[in-house]
Each structure stands twice: as structure tokens, then as C-alpha cells.
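**Q** This is a predicted model, with the sequence first.
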Amino acid sequence: MNIFGFLANTYWNLILPLLLAGAAGYLIGSVSFAILLTRAFAKTDVRSHGSGNAGATNVMRVAGPKASILTFVCDFLKCAVSVALGYIILFYIGGAGEQLAKIGMYAAGYCCLIGHMYPLYFGFRGGKGVASSAGMMLLLDWRVFLLELLIFGVVFLLRRTISLSSIVAAAAYPFFTFAVTFWVDYGNGSLPLIYVVIATLFAALLGITVIVKHRENIRRLMRGEEKPISFHREK
């Protein structure tokens, strides 16, 4: 195969399916359940209250625990759907092998996160991606997800602050991903080294994105102004 044939084959079998996976993830991620459910439960825009964030924590403050739980579940599921769709697109449309198709999962999941943060349908003002990230982590690697859940839970029990727990978990994500994929999967020969590198880079990108989105929370934490979670609606 000459260079032009190789480039054409790469475009149709990898690059184009990755673009389709990313576009699908972004469009799914742009459905903001925090905004929709707060309008349904409290007849208001969640972004006009509290932290101004379109996420489950702020929904708790504005519309109560039922709306908050539904928001978390829906945000979790929309990223899970995006990740699964990313795999399907690369595997069935692109004809990629099982290992290569997992790159589509990372691409679609990350773009879903971007859609959640900057939703096309709601003026590009969305949430911070905690629940969506959790959905992506679970489908990509349940072992890493359990480690993330553990560190999130420990920090939350100590400080009762969702933002701090999310920031610590986001910072730990690439390290957990590398540890599991390198020491376990690559160590026993079940995955190639290139997968370890790609997975770790995507994990680092996701972690940095979530931390940057929490920059205002970081400033409040440094000033001692970040409030612990309350399970009651605003009066």
C-alpha cells in the first residue's frame, strides 16, 4: 500500500470514526439534566442560584435531594451511553479491533464531558463534570473507578465537601489509570504499552479539565469559604 492509500485507510477507519464518536459524545453531553430537572422541580434555572453551577450539588441546594439524585444518575448515564457509543462506532463503523476501539470510548467520553461543561443547547453554561466523569471511568475500567470512588469517599467523609473530593479524585485519576494498566494489564501481557500511554494521557487530560473547571472552588477552599454539603433546599 502506498502512502496515499495508507492515509486514506487511516482517515476512513480511524480518524473519521473518532470524529463521529467525539461529535456524538458532545451532543449527548450537552443535554443538561441539572437545568431540565431544576426547571421541572423548582420552576427556576439552577444557574441563577448558589454556585451557579449546573450540577447535582447545586441542584440539591435549589430543588432538593430527589432532583439532585436524578441529576446525578442521568449525568452518569449520559456519559456511559457516550462511552459505549464511542466503542460501537470504532468497532463496527471503523472496523477497529477490540483494543483500538477503546480509543473511541475515551474520545466520546471526554467530548461528553466537554458537552456537559459547555452545553450546545444551553448557552454553553453547564456543570463541572463530576457525575459524567464517574460514568466514563466506570465503563473504561471498573478497577480504576473503584479506586476513585474510594478516595472520593474518604475525602468526603473527612471534609463533607463535594468540590474538594472531586478535585482530589481528578488529580489521582491519571496515577490510578497508569498503575492499573501498567502494573496489572501490561505486566501480564493483556494490553500493549501504547494502550497504557493513551489511557494515561486521556486520564490526565480529563483530570486537568475537571480541576480547571473547579478553579473557583479552589480559590474558595484556599480562603476557607467553601461550604460543606447540605441535604436541604435553599429557603
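**A** Done, it's in.
**Q** which residues touch the helix or strand containing residue 36?
**A** Assigned by DSSP states H and E, residue 36 belongs to helix 33-42. Outside helix 33-42, the residues that touch it by CB atoms under 8 Å, 6 or more residues apart in numbering are 44-47, 53-56, 58-59, 62-64, 66-67, 70-71, 74-75, 78, 122, 126-127, 233. To be clear about C-beta, it is placed using only N, CA and C from the backbone, and glycine gets the same treatment.
**Q** Filter those down to just the ones in strands.
**A** Assigned to strands by DSSP state E, none of those qualify.
**Q** Throw together a PyMOL command that grabs the buried residues out of the residues you listed.
**A** Applying 16 or more other CB atoms under 10 Å to the contacts of helix 33-42 leaves a buried subset, and the PyMOL line that selects it is:
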select buried, resi 45+46+47+53+54+55+56+58+59+62+63+64+67+70+71+74+75+78+122+126+127+233
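**Q** ranges for the helices of this protein?
**A** Along the chain, the segments classed as helices by DSSP state H run 3-10, 16-29, 33-42, 56-63, 65-88, 98-117, 130-140, 142-159, 162-178, 193-213, 215-223.
**Q** could those be laid out in TSV, adding mean pLDDT and distance to residue 186?
**A** Shown next, in TSV, are the helices of the chain (pLDDT from 0 to 100; distance: least, CB to CB, whole Å):
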stretch	mean pLDDT	distance to residue 186
helix 3-10	47	25
helix 16-29	93	23
helix 33-42	93	37
helix 56-63	87	35
helix 65-88	91	21
helix 98-117	88	12
helix 130-140	84	16
helix 142-159	94	14
helix 162-178	94	10
helix 193-213	89	5
helix 215-223	88	33
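**Q** Of those, which is nearest residue 184?
**A** Among the helices of the chain, the nearest to residue 184 by CB to CB is helix 142-159 (7.6 Å).
**Q** That closest one packs against which elements?
**A** When contacts are defined as 3 or more CB pairs under 8 Å, 6 or more residues apart in numbering; DSSP states H and E, helix 142-159 sits against helix 130-140, helix 162-178.
**Q** can I get the CA coordinates of that helix in CSV?
**A** Taking Å, rounded to 0.1, in the frame of the first residue of the first chain, the C-alpha atoms of helix 142-159 are listed here in CSV:
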residue,chain,number,x,y,z
TRP,A,142,-14.1,-0.6,36.8
ARG,A,143,-10.9,-1.1,38.9
VAL,A,144,-9.8,2.5,38.4
PHE,A,145,-13.4,3.6,39.1
LEU,A,146,-13.4,1.7,42.5
LEU,A,147,-10.1,3.4,43.5
GLU,A,148,-11.5,6.8,42.5
LEU,A,149,-14.7,6.0,44.5
LEU,A,150,-12.6,5.1,47.5
ILE,A,151,-10.5,8.3,47.5
PHE,A,152,-13.6,10.4,46.8
GLY,A,153,-15.4,8.8,49.7
VAL,A,154,-12.6,9.1,52.2
VAL,A,155,-12.1,12.9,51.4
PHE,A,156,-15.8,13.5,51.6
LEU,A,157,-16.2,11.7,55.0
LEU,A,158,-13.3,13.8,56.3
ARG,A,159,-14.4,17.2,54.9
